[in-house]
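*Asks:* here's my sequence, what's the structure:
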Amino acid sequence: MKKVTFTLILLLPFIQGCGLSGAYIFFGDKAWNNYKESVKNSQFDEAQKYVKAAFSNYKDSLTYDEKRYPSVYLKLAETSYIIRKNPSESLGWINRGLKNVPDNYHLMAGLGKYIFVKAKLAKQDGKYEELINEAKEHYRAALISDPLDPDFNSGLMKVFFDEIEKNKFEAKESKNKFLITQVEELFENLIDVNVTSIEEARGVLAFLTGDYKTAIEKLSLVLQEEYVRYEDSRSRYYLARSYVESKRYSDAIDVATNVLNINDDDFQIRGERVIAYYLIGDKSAGALDLEWMEKKAPKYHEFFYRLGRLFYKQNLSKKAQLYLLKAFRLDGENGNYAYALGENYLLEGNTRAARKFFDRAVSAAPVGSALEKRSQQRLTEIGG
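*Replies:* Okay, here's the model as predicted:
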């Protein structure tokens, strides 16, 4: 009891200066720092207790003042997302903040951040493009107020990066020239800026442009810091993929396992571990993760396509067909998926089926694209 009283006496001038709201934020920040330290030390059960305590203190601060500390809404959004992985809840906190502190550009950027998270989760239900455009609008609104803020610039870049990768999967690479130009313009706002978020963006861009050596260098440096932000799992995803492309499969597995120790539900990074396991020759571990993927992420067609292509390259046409068909059934408008099936049926000697899927690839491919030309060439070679 004496210890508590003594602590309160010490904090009394602080409480008088910033009010009870500020005091709760102070204790929330303390719990948040403990969370970060626990994660850094791989004490994940302790970390969950601390992030829940941080969230509770931040929430209690609003009982006493909802306008004085607008950053608390961003802290509530981040801690609630870590606890429940629900971007709609995070958006609820930020919208509440904007209601009390209108036109706060940090909160506008927060809207962009979590709407982007929703967009990535909505790729299968047709809302992706609408949400992506909304996320861009909010980031641009924030950038009007502060065009040199590195987090605003890097946040908007991440939206573009997701579009670039999606276009590559859908054989729409021609759209990426414009997107990459926009990314380069954002980098121009940040000459000589080397903060974490910008180095991270440089690493992701290097991955997307096929410079895996630079991607590994940049993302490895960024991720030497403690694993706290939810975005870090995406950086680890790109780092794992860069290791896979560089044939450093053990490194890719280590990176993926690091994420899964913290968030077992991250299906994208688990998918990357499946790919690495099969490429390194550990079929039993790969099969265990693959079983999880088929149950928990049955609509992740990009993964099934890549896995099918992996088996195709290993001349395992039956296994390749299983996963390529799974990808195609989930997204029949993707010309790359149709083309891959055509190639796989050619491997089996089934030219009739191959012709059917090359025809489909021609129909789905953008006019004048490399995919359209490759598909036409295959049809010419098959004849008939």
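
*Asks:* now the stretch 251-384 of the chain, which segments are flagged as low pLDDT?
*Replies:* 384 (pLDDT under 70).

*Asks:* can you show me the helices along it?
*Replies:* Assigned by DSSP state H, counting those that start in this stretch, the stretch 251-384 of the chain shows helices spanning 267-280, 283-296, 301-313, 317-330, 335-348, 351-364, 370-382.

*Asks:* mind checking how far the last one is from the chain centre?
*Replies:* What it means is helix 370-382. 34 Å (CA atoms, centre = their mean, to the nearest Å).

*Asks:* and what of the second one?
*Replies:* Here the centre of mass of C-alpha atoms in helix 283-296, compared against the chain's by CA atoms, centre = their mean, lies 21 Å away.

*Asks:* the residue nearest the centre of the chain: which element?
*Replies:* The residue lying closest to the centre of the chain (CA atoms, centre = their mean) is R234, at 4.0 Å. Secondary structure from DSSP states H and E places R234 in helix 231-245.

*Asks:* again with E66
*Replies:* E66 belongs to no helix or strand, assigned by DSSP H and E.

*Asks:* now the one 10 residues further on
*Replies:* Assignment of secondary structure by DSSP H and E places L76 within helix 71-84.

*Asks:* equivalent analysis for E200, please.
*Replies:* Per DSSP H and E, E200 falls inside helix 196-208.

*Asks:* can you list contacts of that helix?
*Replies:* The contact list for helix 196-208 (CB atoms under 8 Å, 6 or more residues apart in numbering) reads 150-151, 153-155, 157-158, 161, 164-165, 168, 180, 183, 187, 190, 212, 214-219, 221-222, 225, 231, 235, 238-239, 241-242. Where C-beta positions appear, they are placed from N, C-alpha and C, glycine not excepted.

*Asks:* which of the residues you listed fall in helices?
*Replies:* 150-151, 153-155, 157-158, 161, 164-165, 168, 180, 183, 187, 212, 214-219, 221-222, 231, 235, 238-239, 241-242 (DSSP state H).

*Asks:* drop anything exposed from these.
*Replies:* 150-151, 153-155, 157-158, 161, 164-165, 180, 183, 187, 212, 214-219, 222, 231, 235, 238-239, 241-242 (16 or more other CB atoms under 10 Å).

*Asks:* quick one: contacts for A276?
*Replies:* Counting by CB under 8 Å, 6+ apart, A276 has contacts 240, 243-244, 249-250, 252-253, 256.

*Asks:* excluding its backbone neighbours, what's nearest it?
*Replies:* Of all residues not flanking A276 in the chain, A252 sits nearest, at 4.1 Å (CB to CB, 6 or more residues apart in numbering).

*Asks:* and the one you found, how many neighbours does it have?
*Replies:* 27 (other CB atoms under 10 Å).

*Asks:* surely it is in contact with G271?
*Replies:* No. The criterion here is CB atoms under 8 Å, and A252 misses it with G271 at 11.4 Å.

*Asks:* tell me which element P102 is part of?
*Replies:* Short version, using DSSP H and E: P102 is in no helix or strand.

*Asks:* and it, how far is that from Y24?
*Replies:* Look at P102 and Y24: by CB to CB, to the nearest Å, they are 23 Å apart.

*Asks:* neighbour count for those two, which is higher?
*Replies:* Between P102 and Y24, Y24 has the larger neighbour count (other CB under 10 Å), namely 24 against 8.

*Asks:* now the angle from the helix or strand that contains E185 to helix 196-208?
*Replies:* Per DSSP H and E: E185 is located in helix 176-188. Here helix 176-188 points in a direction 150 degrees away from that of helix 196-208 (axes from the mean of the first three to the mean of the last three CA atoms, to 10 degrees).

*Asks:* what's the angle between helix 176-188 and helix 150-169?
*Replies:* 160 degrees.

*Asks:* is it true that G155 touches Y114?
*Replies:* No. Using CB under 8 Å, G155 is not in contact with Y114; the gap is 10.6 Å.

*Asks:* buried residues in the helix holding E185?
*Replies:* 176, 179-180, 183, 186-187.

*Asks:* out of the residues you listed, who's nearest D282?
*Replies:* N176 (34.0 Å; CB to CB).

*Asks:* picking that back up, quick one: average pLDDT of the helix holding E185?
*Replies:* Here helix 176-188 scores 92 as its mean pLDDT.

*Asks:* can I get it as CSV, trimmed to CA atoms?
*Replies:* This file holds the C-alpha atoms of helix 176-188, laid out as CSV (Å, rounded to 0.1, in the frame of the first residue of the first chain):
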residue,chain,number,x,y,z
ASN,A,176,2.6,-1.2,-63.5
LYS,A,177,4.6,1.3,-65.4
PHE,A,178,2.3,4.1,-64.3
LEU,A,179,2.2,2.8,-60.7
ILE,A,180,6.0,2.5,-60.5
THR,A,181,6.2,6.1,-61.8
GLN,A,182,4.0,7.2,-59.0
VAL,A,183,6.1,5.3,-56.4
GLU,A,184,9.2,7.0,-57.8
GLU,A,185,7.5,10.4,-57.4
LEU,A,186,6.8,9.6,-53.8
PHE,A,187,10.5,8.7,-53.3
GLU,A,188,11.4,12.1,-54.7
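
*Asks:* so what does that helix touch, helix or strand wise?
*Replies:* Applying 3 or more CB pairs under 8 Å, 6 or more residues apart in numbering; DSSP states H and E, we find helix 176-188 packed against helix 150-169, helix 196-208.

*Asks:* out of these, the one nearest F304 is which?
*Replies:* Using CB to CB as the measure, helix 150-169 is the one of these that comes nearest F304, at 11.7 Å.

*Asks:* which of the contacts of A276 are buried?
*Replies:* Among the contacts of A276, those classed as buried by 16+ other CB under 10 Å are 240, 243-244, 249, 252-253, 256.
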